[in-house]
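Trainee: okay, predicted coordinates and the sequence, questions at the end:
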Amino acid sequence: MTVETDQVVRSELLSKLRHEVIGLDTEFTLATGERTRRIYLDSTASTLRLQVVQDVLDEFMKFYSNTHSVLHFGAKLCTQEYRRAHETVLEFVRADPKRYTAFFTGSGTTAGINRIARTLREARPERDVVVTSIMEHHSNDLPHRKHFPEVVHVPAAMAASSLGCVDLARIEKALKEHPGKVNYVAITGVSNVTGIINPVHEIAELAHAHGAYLVVDAAQMAAHVPIQVSGHSKAERDIDFLVFSGHKIYAPGSPGVVVAPKELLAALEPQVVGGGMVDRVYVNRYTVSRHFPDREEAGTPNIPGAIGLAASLDALLLVGMDLIDAEECQLIENALAKLQKVPDLAVYGETDCGKCKRTGAISFNIKGLDHALTAAALNDYFNIAVRNECFCAHPYVREMITLSLSEEDLSVEELEELADLHQGMVRASFGIYSTEADVNALAAALEQISADKESFRERYRRLENGDYVHRDFPFNPDEVFSVKRAVDDALGL
């Protein structure tokens with residue numbers, strides 16, 4: 001197969017994946033009475049499920065059995081495919097299987113980073129400092145605060161006109177200010193707020209030069225850009241620990257994933273103990289298994305979730321993350337160009353993709369409108385699903401809002417008051433199923449809302465929790481779906 005033919009085949013596969021997605025054609029009735037297809041721009045929170053994932057699971061569940069046994073047919077099959085799921089993860093992130101293991105964790109990236117924080121605190125108690133950034137999701141911040149006495153938050157650097165990626169000089173400065181004390185640097189590969197991509201391999205070099213590990217939160221990275229954990233021409237650029245979530249890479253219901261060096265884990269007792277991670281158990285002692293990933297996965301695993309994740313990763317490997325990356329970056333650039341033309345719209349983070357590459361997400365506010373009101377209007381009148389508030393990244397959101405307000409010639413006190421009052425943004429986020437038509441619809445909707453702010457304000461009332469509800473358009477979820485009614489219907493009751 002020639003390079004050109006391969007490119008055509010991969011493009012056809014990508015087209016098939018993006019058009020065969022569960023929930024992409026879901027319809028809702030709007031405040032206008034019109035019924036339209038939902039435009040799903042909340043993929044950073046959770047992606048929709050690829051049809052291929054559902055098809056694989058439907059076939060797999062015919063044979064479902066528990067793992068860790070090979071004495072009946074179902075157990076043989078499930079044990080083998082569960083093992084292969086781990087191998088697929090390592091292949092997807094390009095981690096050497098001789099050096100690295102992959103294991104699954106319950107609650108996505110959050111569980112994985114908590115595990116790493118506990119493990120590395122135990123492994124190197126004398127190194128009691130963690131360096132992270134202000135850009136982090138709480139899941140890549142709070143676990144370090146809980147387990148380490150000192151956590152240094154490095155700021156994002158100014159790019160051409162706004163905040164860009166993490167400040168590498170400040171990371172190096174933090175490492176030098178704590179010689180021999182930094183256990184690891186924990187950094188997001190892609191910001192869940194702005195979609196800004198951090199140079200993780202350059203950060204790895206800085207960390208390793210000072211004897212620190214690198215932990216990468218790849219929750220937003222995995223679905224959008226190619227990842228290479230190991231095998232670089234310079235070993236110092238390898239990533240030590242990488243964590244991501246199955247539900248953010250087109251397999252909702254899947255577990256979180258930790259990719260970690262076997263050598264380090266083998267020297268410690270696993271953080272979670274129970275069935276499956278031991279070889280022998282006696283009344284007064286037990287011996288931990290030496291086999292990976294078994295020793296890191298106590299209890300009955302989420303087998304269907306792991307199989308669904310493997311199906312998604314296999315499909316994305318066939319397409320190639322380089323192709324997905326190129327197409328999504330073009331979509332983001334086009335979206336940024338269109339949104340910046342909307343009157344009174346503030347877009348957060350550096351918008352020049354030549355200076356600061358972005359993918360996956362764009363956060364913004366309409367000046368003079370609460371972020372929650374903007375999100376509600378996009379949903380109720382245009383069937384565009386977005387997310388609002390601070391996206392579990394309060395310090396980063398607050399800093400960008402304060403930076404944008406500082407252009408309005410306000411005093412420090414006024415800035416702080418406004419930042420507290422308006423802390424929050426609207427975020428549109430994209431996946432492989434997002435299209436230029438979706439971007440155009442978003443831009444047109446925001447233009448209409450911005451041009452008619454007062455009218456939209458009058459249509460809503462603000463709740464005590466900060467949300468907005470339409471005065472004349474109540475939405476009752478039970479009328480659309482309820483588990484009890486679905487069960488009754490399935491049973492013919």
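Mentor: Received, thanks. Worth saying up front: this structure is predicted, and the values here are computed from it rather than measured.
Trainee: so which helix or strand of this structure has the lowest pLDDT on average?
Mentor: helix 412-421 (a mean of 57; mean pLDDT, DSSP states H and E).
Trainee: next SSE after that one?
Mentor: Next in sequence after helix 412-421, counting helices and strands by DSSP states H and E, comes strand 425-429.
Trainee: that following strand - what's its average pLDDT?
Mentor: Summarised as a single mean, pLDDT over strand 425-429 is 96.
Trainee: what lies in contact with that strand?
Mentor: Residues outside strand 425-429 that contact it (Cβ atoms under 8 Å, 6 or more residues apart in numbering) are 41-45, 193, 195, 335, 348, 360-366, 371, 374-375, 378, 384, 386-391, 397, 400-401, 442. In this view, the C-beta of every residue, glycine as well, is placed from N, C-alpha and C.
Trainee: element containing T36?
Mentor: strand 35-37.
Trainee: okay, now the nearest residue to A45 once chain neighbours are set aside: neighbour count?
Mentor: Spatial nearest neighbour of A45, chain neighbours left out: R387 (5.4 Å); criterion: Cβ to Cβ, 6 or more residues apart in numbering. By the measure other Cβ atoms under 10 Å, the count of residues near R387 is 21.
Trainee: quick one: contacts of the strand holding T36?
Mentor: Residues from elsewhere that reach strand 35-37, judged by Cβ under 8 Å, 6+ apart: D25, T26, E27, F28, T29, L30, N383.
Trainee: check which helices and strands the helix or strand following that strand sits against.
Mentor: Note on strand 35-37: by DSSP H and E, the next helix or strand toward the C-terminus is strand 39-40. Applying 3 or more Cβ pairs under 8 Å, 6 or more residues apart in numbering; DSSP states H and E, one finds that strand 39-40 contacts strand 384-385, helix 436-451.
Trainee: average pLDDT across the shortest one?
Mentor: For strand 384-385, mean pLDDT is 98.
Trainee: follow-up on the earlier one: most tightly surrounded among the helices and strands packed on strand 39-40?
Mentor: Compared across the helices and strands packed on strand 39-40, strand 384-385 shows the largest average neighbour count, a mean of 21 (mean count of other Cβ atoms under 10 Å).
Trainee: could you chop this protein up by domain?
Mentor: By the assignment in automatic domain parsing, the chain contains the domains 3-49+320-480, 54-318.
Trainee: start and end of the longest one, how far apart?
Mentor: Counting by Cα to Cα, to the nearest Å, you get 17 Å between the two ends of domain 54-318.
Trainee: chain center to that domain, what's the gap?
Mentor: 13 Å (Cα atoms, centre = their mean, to the nearest Å).
Trainee: one more: the shortest one?
Mentor: Distance, stretch centre to chain centre, for domain 3-49+320-480: 16 Å (Cα atoms, centre = their mean).
Trainee: next, D279: phi, psi?
Mentor: In terms of degrees, to the nearest 10, the main-chain angles of D279 are phi -90, psi -40.
Trainee: quick one, what contacts it?
Mentor: Taking Cβ under 8 Å, 6+ apart, we find D279 in contact with T287, V288, S289, R290.
Trainee: give the contact list for the last one.
Mentor: With contact set as Cβ under 8 Å, 6+ apart, R290 has these partners: A266, D279.
Trainee: sec struct for it, please.
Mentor: Recorded secondary structure, R290: coil (DSSP: H, G, I helix; E, B strand; the rest coil).
Trainee: so how far is S230 from it?
Mentor: Here R290 is placed at a distance of 22 Å from S230 (Cβ to Cβ, to the nearest Å).
Trainee: check the first one too.
Mentor: Distance check for T287 against S230: by Cβ to Cβ, it reads 30 Å.
Trainee: which of the two has more neighbours?
Mentor: S230 (20 against 10).
Trainee: just checking, that one touches R94?
Mentor: Yes. Using Cβ atoms under 8 Å, S230 is in contact with R94, at 6.9 Å.
Trainee: which parts of the helix or strand harbouring F456 are buried?
Mentor: Using DSSP H and E, F456 maps to helix 453-458. Within helix 453-458, the residues scored as buried using 16 or more other Cβ atoms under 10 Å are K453, F456, R457.
Trainee: now the residues you listed as a markdown table including distance to V281 and pLDDT?
Mentor: Converted to a markdown table, the buried residues of helix 453-458 look like this (distance: Cβ to Cβ, whole Å; pLDDT from 0 to 100):
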| residue | distance to V281 | pLDDT |
| --- | --- | --- |
| K453 | 66 | 96 |
| F456 | 63 | 97 |
| R457 | 64 | 96 |
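Trainee: of all those residues, which comes closest to V483?
Mentor: Sorting the buried residues of helix 453-458 by how near they are to V483, with Cβ to Cβ, puts F456 at the top with 33.8 Å.
Trainee: distance-wise, check the closest one relative to E34.
Mentor: Taking Cβ to Cβ, one finds F456 at 17 Å from E34.
Trainee: T287: which element?
Mentor: Following DSSP H and E, one finds T287 within strand 286-288.
Trainee: ok, and what's touching that strand?
Mentor: E269, P270, M277, V278, D279, R280, V281, R295.
Trainee: can I assume the third one is in contact with A298?
Mentor: In other words, M277. Yes. Counting by Cβ under 8 Å, M277 does reach A298; the two are 4.5 Å apart.
Trainee: so which of these two has more stuff around it?
Mentor: Using other Cβ under 10 Å, the more surrounded residue of M277 and A298 is M277, with 20 against 16.
Trainee: what segments of the stretch 201-350 of the chain are helices?
Mentor: If DSSP state H, counting those that start in this stretch is used as the criterion, the helices of the stretch 201-350 of the chain fall at 262-266, 303-319, 321-339.
Trainee: phi, psi of A117?
Mentor: According to degrees, to the nearest 10, the main-chain angles of A117 amount to phi -60, psi -40.
Trainee: and the closest residue to T88 other than its chain neighbours, how many neighbours?
Mentor: Leaving aside its sequence neighbours, T88 sits nearest to A310 (Cβ to Cβ, 6+ apart; 4.5 Å). Neighbour count of A310, defined by other Cβ under 10 Å: 26.
Trainee: name all residues that make contact with A310.
Mentor: By Cβ under 8 Å, 6+ apart, the residues touching A310 are E81, R84, A85, T88, V89.
Trainee: and A212, what is it in contact with?
Mentor: By Cβ under 8 Å, 6+ apart, A212 lies in contact with R127, V131, L175, V182, N183, Y184, V185.
Trainee: any idea how far the residue lying closest to it once chain neighbours are set aside is from L446?
Mentor: Distances taken as Cβ to Cβ, 6+ apart put V182 closest to A212, at 4.3 Å, once the chain neighbours are dropped. In this view, V182 and L446 are 43 Å apart by Cβ to Cβ.
Trainee: one more: N476?
Mentor: Remark: distance between N476 and L446 (Cβ to Cβ) = 27 Å.
Trainee: now E136
Mentor: From E136 across to L446, the span is 28 Å (Cβ to Cβ).
Trainee: could you do H147 as well?
Mentor: H147 sits at a distance of 42 Å from L446 (criterion: Cβ to Cβ).
Trainee: show me the contacts of A212 that map onto helices.
Mentor: Judged by DSSP state H, those include L175 as members of helices.
Trainee: using JSON lines, lay out the contacts of A212 together with neighbour count, pLDDT and distance to L14.
Mentor: Listed next are the contacts of A212 as JSON lines, based on neighbours: other Cβ atoms under 10 Å; pLDDT from 0 to 100; distance: Cβ to Cβ, whole Å:
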{"residue": "R127", "neighbour count": "19", "pLDDT": "98", "distance to L14": "43"}
{"residue": "V131", "neighbour count": "29", "pLDDT": "98", "distance to L14": "37"}
{"residue": "L175", "neighbour count": "22", "pLDDT": "98", "distance to L14": "40"}
{"residue": "V182", "neighbour count": "26", "pLDDT": "98", "distance to L14": "41"}
{"residue": "N183", "neighbour count": "25", "pLDDT": "98", "distance to L14": "40"}
{"residue": "Y184", "neighbour count": "24", "pLDDT": "98", "distance to L14": "35"}
{"residue": "V185", "neighbour count": "28", "pLDDT": "98", "distance to L14": "34"}
